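I need the structure of the sequence given here:
(2 chains)
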Protein chains: 2
Amino acid sequence: MTVTDHDPTSFPVSGRNRLRRLHTRGSFDRAAVYAVLDAAMLCHVAYAIDGQPYCTPTLHWREGDRLYWHGSSASRMLRHLAGGTPACLTVSHLDGLVLARSGFNHSANYRSAMCFGTARILDDPDEKAAALRAVVDRLYPDRTASLRTVTAQEIKATMVIGMDIEEASAKVRAAGVGDDEEDYAHPVWAGVIPVKTVLGAAEPCVRLDAGIGFPPDLASFAPGRRLDEALLETQRLYEDS
Amino acid sequence: MTVTDHDPTSFPVSGRNRLRRLHTRGSFDRAAVYAVLDAAMLCHVAYAIDGQPYCTPTLHWREGDRLYWHGSSASRMLRHLAGGTPACLTVSHLDGLVLARSGFNHSANYRSAMCFGTARILDDPDEKAAALRAVVDRLYPDRTASLRTVTAQEIKATMVIGMDIEEASAKVRAAGVGDDEEDYAHPVWAGVIPVKTVLGAAEPCVRLDAGIGFPPDLASFAPGRRLDEALLETQRLYEDS
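Residues are numbered from 1 along each chain as shown, chains lettered A, B, ... in the order given. Modelled structure (predicted):
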């Protein structure tokens, strides 16, 4: 697998992450990849086990070029692979439905990032404990300090997977309808229907003490806010803390 | 791979789709799997090429137990696999952030479906043409009839992949905070922050004739509606047409 020369702000390019669909805006820049990853908490991870691919949804978080995610059904089968296993973690945001004047030019606006590396199960209890603090505090600023303390048994019972990003790419389509020139006169409605993922009003636990209000530390999660904006904000707060 | 006996409303169960996380509600029912698949247009597909897994976001649609999706960068590499290749197509919806009183009990509300089968590139032009009509009309009722007619060159230029679902499972978490009994008295805010994906106001193409209004056939995509509800509605309209 040939890796081309690159500058330090970009991920290297190889056969795995080369971009083929040039009508979208592709990038190997770290900033572009991070912006997609950090705006989501839900990702999908592909593994192959005995030649069978699994596409597993899970929650991810990022520290520099290192990705972490929660283990799941499929990843449990990876436990015997002490040396790690090749994996691909992808995050996608759907931003709009693009209705054109021909079926062929129908499309979607989206942001996606694909990250390649070797996934390894974290075994060291201290490393796992740090990762489990990080996932809470990265999402919800300073929240760990206010929680019931984690137990050794809980750390043992949680599977955390880590992967250094070896290669990655981001793709973005954020545009209007792209019809063939001769089709613009065709008499059919064409345009973009925007899509966004938003937060609703917080629903307190039915057993919550009535004296405990919604904490100011969770201000990023105000009702009606876009989830991607809230998550980018809390990632920045986490990195600055 | 042992497949257990099953009734016709359910997908068979094997080592691939056995559910291991029983604290969530899992199901092999066709209706449960379809409900997750049909409520989304964005899916992720896992393939393995020479042992390297790829997790590719793409648009999917469904006809009975057959899934279709648009080919992409990674799938292009599959072209030489005339006999098809094992794949896993997953759809996930994030429905809420679950903030508990311990880090361990933090969770997310979600709906997901994993589908296993053998992915094959559609080569027959008639089958491809039918699939390309279906993806438009399944999303946007009766739209194909109003579009500029598809050309043979466009059919040739589009890659469509088909996969019969051999096994599948759906998982749903739709619940409040599940804390350990002794933690409920811990004085920290706990609850669920709902998440939903909604449609914005349609943005007409800048070159649209001012006399062409938003079509009644797209009534499912009214501003403020949930995307999942709109897509379930148009799938039903498509199946009834």
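
Every contact and neighbour count from this point should use C-alpha atoms.
OK.

could you point out which element follows the lowest-mean-pLDDT helix or strand in chain A?
In chain A, no helix or strand scores lower on mean pLDDT, DSSP states H and E than helix A:73-76, which sits at a mean of 61. Sequence-wise, the next helix or strand downstream of helix A:73-76 (DSSP states H and E) is strand A:85-99.

What pairs with that following strand, parallel or antiparallel?
Sheet pairing of strand A:85-99 (DSSP bridges) gives strand A:42-49 (antiparallel), strand A:107-121 (antiparallel), strand A:191-199 (antiparallel).

Nearest spatial neighbour of A:Cys43, chain-adjacent residues omitted?
Of all residues not flanking A:Cys43 in the chain, A:Val91 sits nearest, at 4.8 Å (CA to CA, 6 or more residues apart in numbering or on different chains).

partners of that neighbour in the sheet?
A:Ala113.

That one touches A:Ala35, doesn't it?
No: in this structure, A:Val91 is not within contact of A:Ala35 by CA atoms under 8 Å, at 10.4 Å.

More neighbours: which of those two?
A:Val91 (27 against 16; other CA atoms under 10 Å in any protein chain shown).

List the contacts of the more buried one.
A:36-37, A:40, A:42-44, A:112-114 (CA atoms under 8 Å, 6 or more residues apart in numbering or on different chains).

Please check these and keep the buried ones.
A:36-37, A:40, A:42-44, A:112-114 (16 or more other CA atoms under 10 Å in any protein chain shown).

backbone phi and psi for A:Ala175, please?
Torsion angles at A:Ala175 (phi, psi; degrees, to the nearest 10) stand at phi -150, psi 170.

got it, and A:Ser102?
The phi/psi pair for A:Ser102 (degrees, to the nearest 10) is phi -130, psi 150.

ok, it - how many residues close by?
Count around A:Ser102 with other CA under 10 Å applied: 25.

quick one, what contacts it?
So A:Ser102 contacts A:179, A:183, B:147-150 (CA under 8 Å, 6+ apart).

of these, buried ones?
Looks like the contacts of A:Ser102 have A:179, B:147-148 buried, using 16+ other CA under 10 Å.

distance of A:Leu147 from chain B?
5 Å (CA to the nearest CA, to the nearest Å).

mind checking which of the strands paired with strand A:85-99 is nearest A:Asp240?
Of all the strands paired with strand A:85-99, it is strand A:42-49 that lies closest to A:Asp240, at 22.7 Å by CA to CA.

Would you mind writing the CA trace of that closest one as PDB?
The C-alpha coordinates for strand A:42-49 follow below in PDB (Å, rounded to 0.1, in the frame of the first residue of the first chain):
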ATOM      1  CA  LEU A  42     -22.900   7.900  17.200                       C
ATOM      2  CA  CYS A  43     -20.500   6.200  14.800                       C
ATOM      3  CA  HIS A  44     -20.400   3.000  12.900                       C
ATOM      4  CA  VAL A  45     -17.400   0.600  13.000                       C
ATOM      5  CA  ALA A  46     -16.600  -2.100  10.400                       C
ATOM      6  CA  TYR A  47     -14.700  -5.200  11.500                       C
ATOM      7  CA  ALA A  48     -14.200  -8.400   9.700                       C
ATOM      8  CA  ILE A  49     -14.300 -11.600  11.700                       C
END
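
List the buried residues for stretch A:96-103?
A:96-103.

of these, closest to A:Trp61?
Out of the buried residues of stretch A:96-103, the member with the shortest distance to A:Trp61 (by CA to CA) is A:Gly96, at 25.0 Å.

Include pLDDT when you put the contacts of A:Val91 into TSV, please.
TSV is the format used below for the contacts of A:Val91 (pLDDT from 0 to 100):
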residue	pLDDT
A:Val36	98
A:Leu37	98
A:Ala40	98
A:Leu42	97
A:Cys43	98
A:His44	97
A:Ser112	97
A:Ala113	98
A:Met114	97
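
Determine which two of the buried residues of stretch A:96-103 are furthest apart.
That would be A:Gly96 and A:Ser102, which, of these, are the farthest apart (CA to CA) at 17.3 Å.

Show me where chain A has its strands.
A:25-27, A:42-49, A:52-63, A:66-70, A:85-99, A:107-121, A:160-164, A:167-173, A:191-199, A:203-204 (DSSP state E).

Quick one: distance of stretch A:179-194 to the chain centre.
Per CA atoms, centre = their mean, to the nearest Å, the displacement of stretch A:179-194 from the mean C-alpha position of its chain is 32 Å.

which of the strands of chain A has the lowest average pLDDT?
The minimum mean pLDDT among those belongs to strand A:25-27 (a mean of 84).

Adjacent strands (with direction) for that one?
Applying DSSP bridges, you get strand A:167-173 (antiparallel) as the partners of strand A:25-27.

Cheers, nothing more for now.
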